[in-house]
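> Okay, here's the prediction I keep looking at, along with the sequence it came from:
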Amino acid sequence: MKKKLLIRDLTLRDGQQSQFATRMTQKQIDRVLPFYKEANFYAAEVWGGAVPDSIMRYLNEDPWERLKKIRKGFANNTKLTALSRGRNLFGYNPYPENVIEGFNRLAVKSGIDIMRIFDALNDLDNMKSTIAYVKANGGIADCAVCFTVDPHFSFYEKFRGFVSGKKLPGRIFTEDYFVDKAKQLQKMGADIISIKDMAGLIPPDVAANLIKRLKKEIKVPIDLHTHCTPGYGLACLLNAIVNGVDIVDTVIWNFSGGPAAPAFELVQVFCDMLKIDTGVNLDAVSKINKELFEIRKELDKFDEIKIFPKEFDIANYKLESDIEKLFKNAIKASKKNNFEEVLFNCQEIEKYFNFPPPDNNVKDAEIPGGMYTNMLAQLKQAKMENLLERVLRTVPVVRLDAGLPPLVTPTSQIVGVQAVQSVISENKGKPFYDNVSSQFFNLVKGVYGKTPFPIETNFRQKITGSRIEQPYDVSKYEKPENPELPEFENMKLAKNEKEELLLDLFPAVASGFLKRKREIEYKKMLAELEALRELEIKKIHEEAEKYNNLSEDEKKDMLLEGLYNNW
């Protein structure tokens, strides 16, 4: 009997978000749904993340309608997955329980089978209620531990820290750290444990060893999620597969690689050689990929990489001997734990198929690609691009001061923005933390939860004015207004619970979106009323004309009949 590997396809959420700023329209998604229905992936991530915000903001589309249409298109052949940040859902601050419950209940009832739940600080307390609500409504709780690495300090930074009395940590993010988090999540009711490597920073050797331990010590299925930005992605998935991982996350060929996850097709080739059954319908995947090629051309203005991989048909392929040798050498090296050789061969495979090369800036800085580009854009706006190297050296310092948060949304942006602001302040001769963002203030205050490493009380005092950690008080949460709109016959801005949740989660964006939606509905209602009025007028004219064409006797008979009926 063949070994099995489950595939979670990320193309319609993480894939398009990583590559094209989440700009796929519903019409474009509709073009691939008939093929996805037949593809037989274990799961497909289609919702959550940036999807609800982005499609309202840029495409004027309803997130709930998108989920409804995708659910119908997939039928029940593949489990649908969404991404959620636990207690924070999609915002920065934690939400009250009624919002968390409502969102998860309606997401599951609307078609989500698996909710991938994570917390940017790996504070498991922030995930607890979401796990409970997902399971209570019949969903599968996929609990993710965010992978990150320890900060790298130069000799100068270590010396400066030692001299100034700053406490420098030993290793925090060890194998034991991630395994311990997984064990706690299993006790909390996790149905799946995912290692979520959003920056692609997990090296191939760590992927192999971590998966090996998790398979020994955890009873629920293990999933590995990673990206290709620094060049580790494909090698990590191969090592995970060889060491018994249950599920891997991939993206279909023309949307894969670079800032996205590894290509499904490359994983499938490895599985063919390893005699592992993915259960995926390769003919259907081939058809999806052909359509994605056209869609990617349509999304050109959002495509920052603009590097298309070589044409490759997974349903009908024959490898040239040189490339086949690379695949076989990678497998052989993985089985022998020769991780450098695995990485070399996998990168040569991707090079052969013309996938984007490793981003060495991201690799060396050990930060997510999006964080790097955002910091560079911030510096360009201030006309201080020459300070980039200093900012990159500053990130570990700011991160340490803030309690070593994993660099994932939103903490990656909080740390990145603060590093830039601090270096700009320093460059102007001002104190390093002269300009502190509200998000950094709240992170240090304790609003987002407990950080992996304790924040020094003196630093908390310096930034927030208090030495005491202060968690977010959800009793202070103010529900966004849901006004009546006098210009639209006093329609409510949000007409039902789903729309009210959009207001809760994305107040500014949803307010504009819902107002446009009500305007469209109002204009449609007026048009329908006008059409009815015109129809009535037309009927009256027809009746009048019919009456005028009658003889005098017929008119008298008609009048007498009308009087009789009324009597």
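It's in.
> can you list contacts of stretch 268-275?
Outside of stretch 268-275, the residues within contact range by C-beta atoms under 8 Å, 6 or more residues apart in numbering are 2-3, 5, 238, 241-242, 276-278, 280, 282, 314, 317, 319, 327-328, 330-331. Heads up, the C-betas are built off the backbone N, CA and C, glycines and all.
> Looking at that stretch now, give me its mean pLDDT.
The average pLDDT within stretch 268-275 is 98.
> export that stretch as PDB, just CAs?
The C-alpha coordinates for stretch 268-275 follow below in PDB (Å, rounded to 0.1, in the frame of the first residue of the first chain):
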ATOM      1  CA  GLN A 268       4.200  15.800  -6.900                       C
ATOM      2  CA  VAL A 269       7.300  14.800  -8.800                       C
ATOM      3  CA  PHE A 270       9.100  14.000  -5.600                       C
ATOM      4  CA  CYS A 271       6.100  12.000  -4.400                       C
ATOM      5  CA  ASP A 272       6.000  10.100  -7.700                       C
ATOM      6  CA  MET A 273       9.600   9.100  -7.100                       C
ATOM      7  CA  LEU A 274       9.000   8.300  -3.400                       C
ATOM      8  CA  LYS A 275       5.900   6.200  -4.300                       C
END
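> buried residues in it?
By neighbour count on 16 or more other C-beta atoms under 10 Å, the buried set for stretch 268-275 is Gln268, Val269, Phe270, Cys271, Asp272, Leu274.
> Out of the residues you listed, list just those in strands.
Using DSSP state E, no member of these falls in strands.
> Low-confidence ranges, the chain, go.
In the predicted model of the chain, residues 1, 154-168, 555, 558-567 satisfy pLDDT under 70.
> at 80 what do you get?
1-2, 91-93, 152-170, 365, 369-370, 534, 541-567 (pLDDT under 80).
> what comes into contact with stretch 410-422?
By C-beta under 8 Å, 6+ apart, the residues outside stretch 410-422 that reach it are 88, 92, 120-121, 199, 367-368, 370-371, 374-375, 378-379, 382, 391, 394-395, 397-399, 402, 405, 407, 432-437, 439-440, 443, 448.
> please redo it, this time with the cut-off set to 6 Å
Stretch 410-422 is contacted by residues 92, 120, 368, 371, 374-375, 378, 391, 394-395, 398-399, 405, 432, 435, 437, 439-440, 443 when judged by C-beta atoms under 6 Å, 6 or more residues apart in numbering.
> So which of the buried residues of stretch 268-275 are in helices?
Counting by DSSP state H, the part of these found in helices is Gln268, Val269, Phe270, Cys271, Asp272, Leu274.
> Which elements pack onto the helix or strand hosting Ala207?
Using DSSP states H and E, the element containing Ala207 is helix 204-217. Packing partners of helix 204-217 (3 or more C-beta pairs under 6 Å, 6 or more residues apart in numbering; DSSP states H and E): helix 175-187, helix 233-242, helix 339-352.
> How far off centre is whichever helix or strand comes after the first one?
Once helix 175-187 ends, the next helix or strand along the chain (criterion: DSSP H and E) is strand 192-196. How far strand 192-196 lies from its chain's middle: 14 Å, per C-alpha atoms, centre = their mean, to the nearest Å.
> Report the angle between strand 192-196 and helix 233-242.
Calculated by axes from the mean of the first three to the mean of the last three C-alpha atoms, to 10 degrees, strand 192-196 forms an angle of 150 degrees with helix 233-242.
> Was I right to think Leu292 contacts Ser256?
No - using C-beta atoms under 6 Å, Leu292 is not in contact with Ser256, being 9.6 Å away.
> what's the spacing between the closest residue to Leu282 other than its chain neighbours and Glu385?
With sequence-adjacent residues excluded and distances taken as C-beta to C-beta, 6 or more residues apart in numbering, Leu282 is closest to Ala315, at 4.3 Å. Per C-beta to C-beta, to the nearest Å, Ala315 is found 46 Å from Glu385.
> same check, this time on Thr394
15 Å.
> More neighbours: these two, which one.
Neighbour comparison, Thr394 and Glu385: the larger count goes to Thr394, with 22 against 13 (by other C-beta atoms under 10 Å).
> Checking Val423 next. Helix, strand or coil?
helix (DSSP: H, G, I helix; E, B strand; the rest coil).
> how about the helices of the stretch 301-450 of the chain, start to end?
321-335, 339-352, 360-365, 369-381, 388-401, 411-427, 438-445 (DSSP state H, counting those that start in this stretch).
> In the last one, which residues have enough neighbours to count as buried?
Right, the one you point to is helix 438-445. Using 16+ other C-beta under 10 Å as the test for burial, helix 438-445 gives Gln439, Phe440, Asn442, Leu443, Val444, Lys445.
> any idea how far Val408 lies from Arg460?
Distance from Val408 to Arg460, by C-beta to C-beta: 22 Å.
> okay, the two: which has more neighbours?
Remark: of Val408 and Arg460, Val408 carries more neighbours, 24 against 21, as counted by other C-beta under 10 Å.
> My guess is the more buried one contacts Asn122. True?
No - assessed by C-beta under 6 Å, Val408 is found out of contact with Asn122, at 9.2 Å.
> Touching both of those two, which residues are there?
Cys146.
> Assess the claim that Val474 and Glu97 are in contact.
No - checked against C-beta under 6 Å, the pair Val474 and Glu97 is beyond contact range at 7.6 Å.
> burial count for the closest residue to Glu348 other than its chain neighbours?
Excluding the flanking residues, the one nearest Glu348 by C-beta to C-beta, 6+ apart is Leu326, at 5.3 Å. Leu326 is flanked by 20 other residues according to other C-beta under 10 Å.
> what's the answer for the one 4 residues further on, then?
Here the count is done by other C-beta under 10 Å, and Ala330 has 29 residues near it.
> Please tell me how far it sits from Asn345.
4 Å.
> Which residues are in contact with each of those two?
What both Ala330 and Asn345 touch, as defined by C-beta under 6 Å, 6+ apart, is an empty set.
> for the helices and strands packed on helix 204-217, which one ends up most surrounded?
For the helices and strands packed on helix 204-217, average neighbour numbers computed from mean count of other C-beta atoms under 10 Å are highest in helix 233-242, which has a mean of 29.
> Check which helices and strands that one is in contact with.
Using 3+ C-beta pairs under 6 Å, 6+ apart, helix 233-242 sits against helix 204-217, helix 264-274, helix 321-335, helix 339-352.
> Between these, which one is closest to Ile29.
helix 264-274 (17.7 Å; C-beta to C-beta).
> Let me see the contact set for the residue nearest to Ile314 when sequence neighbours are not counted.
Leaving aside its chain neighbours, Ile314 sits nearest to Glu265 (4.3 Å; criterion: C-beta to C-beta, 6+ apart). Going by C-beta under 6 Å, 6+ apart, Glu265 touches Trp253, Phe312, Ile314.
> Run through the residues that contact the nearest residue in space to Asp125 that is not next to it in sequence.
Spatial nearest neighbour of Asp125, chain neighbours left out: Gly449 (6.7 Å); criterion: C-beta to C-beta, 6+ apart. Residues in contact with Gly449 (C-beta under 6 Å, 6+ apart) are Leu121, Asp123, Asn126.
> Look up how far Gln413 lies from the last one.
Asn126 sits 18 Å away from Gln413, going by C-beta to C-beta.
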